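**Q** Any chance you can model this:
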Amino acid sequence: MNLSLTSWLERLAPGRLGSVSLPILFSGILLSSCEKPQDTSPPKTTPIPAEAPLTNWPVTRGGPSLQARINAPAPQNPTIAWTFEMDSPGTAEAAVADGAILVGDVMGFLYCIDLNSRQLRWKHETGDTIQAAPALSNGKVFVGSGDQKFYALDLKTGEKIWSIDGDDKFSSAPTIVTSPDAKSEWVLVNGYDGTTRCLLAENGNIVWTYKTDDYINGTPAIIDGRFVAFGGCDKVIHIINLADGKPVNEVITDAQITNSVATAGTTIYCGNHANQVIAAEAEGKKPTWIYQGGDFPFFTAPAVDDTHVYIGCRDKSLHAIKRTDGTRAWTFPTGGRVESSPIAFDDAIVFGSSDGRLYAANPTDGSELWRLDLGEDLTASPVFAQGHLIIAGGDGTLFIISGSKN
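**A** Numbering: from 1, shown residues only. Below you'll find the predicted structure:
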């Protein structure tokens, strides 16, 4: 019998949920108040360079810039092609490459599912919840767990190749990059212990570390092949040098940043718990613009295209914000909190809601293009690979969704 995410968490921590929301329970972060921001001059917006075609989705948000931008049309007339039942709720984004879907669940299992046969290849047990997406590269799977370990597994067998210990859980997804000298592959991962680690993909040896003053939940983004950017619970957008982990710049905001940033060129976008969405330049000292959303925080990572930033809010809406000046373009209301990070196609913005529906909105005016009722709380973010939308549900179902011409 399927159980809701709340039911599973009650099993794990009976009597402790009370009125605490699920994302807060996972991150252990309290909302904070903030002062009203000051407006600054708008940036000049340039088109986003297209990344490699996303036939696969090997890392979170589709690539190291974390844009969640897909240079293709969205599936139309979507239907559920098939499903896979996990042992517990899924709150993490999936990764897809080499004919495999990799996804984690609340109980700490990482599943490797064959995309063609639809069968389980293997299942690897960690010691606690997997909150974020794995990453796939060169026959390895990289994933963090709430058991305070970060793992490299063999993609074929699921056997551990290496692991490292942190001082707290790993609640962010890793980023895979080539070293600046092009001699090795690096894995960048943020820890809830406030540390950014750059590791050799081959053996997990530390290349460099960078320490902040508070928790980090978001994934490191790569800017221009030179910088690493992310936000933290210290209210700061950190920009550090990719080559050696040395600080380059920091932009102070009004509240905790508890999800990943997105980048376009040298501009960084993120939401925070002061109910704001912020644009900042990698080498600028103050935000370029600040969008004040209302009475609820932004709990998702943004998606970015040539004209807008798209981000989900706990006011039950998706917000579209103009990249030029930070003003509102439109909002799209749903029946539940939007904590599922959107992905941006050429002709649609696709995202999930806690009302159990997957939505597609027109990026131009926010009108509804379609909705698909999946019947489970959608906290996890959708991904797009091999022509399929893939998203994990709060009752433990992994949905593989296809479009049709009818």
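**Q** shaky segments in this structure?
**A** Along the chain, segments meeting pLDDT under 70 span 1-54, 406.
**Q** Helices along that one, start to end?
**A** Here the chain has its helices, by DSSP state H, at 5-12, 22-27.
**Q** Leaving out sequence neighbours, find the closest residue to residue 378.
**A** residue 352 (2.9 Å; Cβ to Cβ, 6 or more residues apart in numbering). Every residue, glycine included, has its C-beta placed from N, CA and C.
**Q** I misspoke; the intended subject was residue 65.
**A** residue 263 (4.8 Å).
**Q** so what's that neighbour up against?
**A** The contact partners of residue 263, by Cβ atoms under 8 Å, 6 or more residues apart in numbering, come to 65, 66, 67, 221, 222, 223, 229, 269, 304.
**Q** Export those as TSV, with columns for neighbour count.
**A** Listed next are the contacts of residue 263 as TSV, based on neighbours: other Cβ atoms under 10 Å:
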residue	neighbour count
65	23
66	33
67	24
221	29
222	19
223	23
229	28
269	29
304	27
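**Q** so can I have a markdown table of those residues showing distance to residue 79?
**A** Putting those into a markdown table (distance: Cβ to Cβ, whole Å) gives the following:
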| residue | distance to residue 79 |
| --- | --- |
| 65 | 31 |
| 66 | 29 |
| 67 | 27 |
| 221 | 34 |
| 222 | 36 |
| 223 | 38 |
| 229 | 38 |
| 269 | 33 |
| 304 | 29 |
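**Q** With respect to residue 287, which of those is nearest?
**A** residue 269 (10.3 Å; Cβ to Cβ).
**Q** From the contacts of residue 263, pick the one nearest residue 179.
**A** residue 222 (12.0 Å).
**Q** Pretty sure that closest one sits against residue 242.
**A** Yes: the pair residue 222 and residue 242 passes the contact test of Cβ atoms under 8 Å, sitting 6.8 Å apart.
**Q** So for those two, which residues contact both of them?
**A** 177, 228.
**Q** picking up where we left off before, could you measure the residue nearest to residue 378 against residue 121, distance?
**A** Separation of residue 352 from residue 121 (Cβ to Cβ, to the nearest Å) stands at 26 Å.
**Q** and those two? which has more neighbours close in?
**A** residue 352 (33 against 17; other Cβ atoms under 10 Å).
**Q** Please spell out which residues along stretch 298-309 are buried.
**A** Buried residues in stretch 298-309, counted by 16 or more other Cβ atoms under 10 Å: 298, 299, 300, 301, 302, 303, 304, 305, 307, 308, 309.
**Q** Include distance to residue 389 when you put these into JSON lines, please.
**A** Listed next are the buried residues of stretch 298-309 as JSON lines, based on distance: Cβ to Cβ, whole Å:
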{"residue": "298", "distance to residue 389": "23"}
{"residue": "299", "distance to residue 389": "21"}
{"residue": "300", "distance to residue 389": "17"}
{"residue": "301", "distance to residue 389": "17"}
{"residue": "302", "distance to residue 389": "19"}
{"residue": "303", "distance to residue 389": "14"}
{"residue": "304", "distance to residue 389": "19"}
{"residue": "305", "distance to residue 389": "18"}
{"residue": "307", "distance to residue 389": "23"}
{"residue": "308", "distance to residue 389": "20"}
{"residue": "309", "distance to residue 389": "21"}
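**Q** Need the max-distance pair from those residues.
**A** 299 and 307 (23.2 Å).
**Q** quick one, what contacts the residue nearest to residue 378?
**A** 338, 340, 358, 359, 374, 378, 379, 380, 381, 382, 391.
**Q** now with 7 Å?
**A** For residue 352, the contact set (Cβ atoms under 7 Å, 6 or more residues apart in numbering) comprises 340, 358, 378, 382, 391.
**Q** Could you tell me which of those residues belong to strands?
**A** 358, 391 (DSSP state E).
**Q** Go through the contacts of residue 352 and name the one nearest residue 166.
**A** Scanning those for proximity to residue 166, where the rule is Cβ to Cβ, the winner is residue 340, at 26.3 Å.
**Q** just checking, the closest one touches residue 378?
**A** Yes: contact status for residue 340 versus residue 378: in contact at 4.9 Å, counting by Cβ atoms under 7 Å.
**Q** residues shared between the contacts of the two?
**A** Contacts common to residue 340 and residue 378, judged by Cβ under 7 Å, 6+ apart, are 352, 353.
**Q** can you map out the strands along the stretch 51-200 of the chain?
**A** 79-85, 95-97, 100-104, 109-114, 120-125, 135-137, 140-144, 149-154, 160-165, 175-178, 185-190, 195-200 (DSSP state E, counting those that start in this stretch).
**Q** likewise the stretch 301-406 of the chain?
**A** Going by DSSP E, counting those that start in this stretch, the stretch 301-406 of the chain shows strands at 303-304, 308-312, 317-322, 328-333, 343-344, 349-352, 357-361, 368-373, 383-385, 388-392, 397-402.
**Q** I'd like to know how far the closest residue to residue 272 other than its chain neighbours sits from residue 298.
**A** For residue 272, ignoring the flanking residues on the chain, the nearest one in space by Cβ to Cβ, 6+ apart is residue 255 at 4.4 Å. Residue 255 is 10 Å from residue 298, where distance means Cβ to Cβ.
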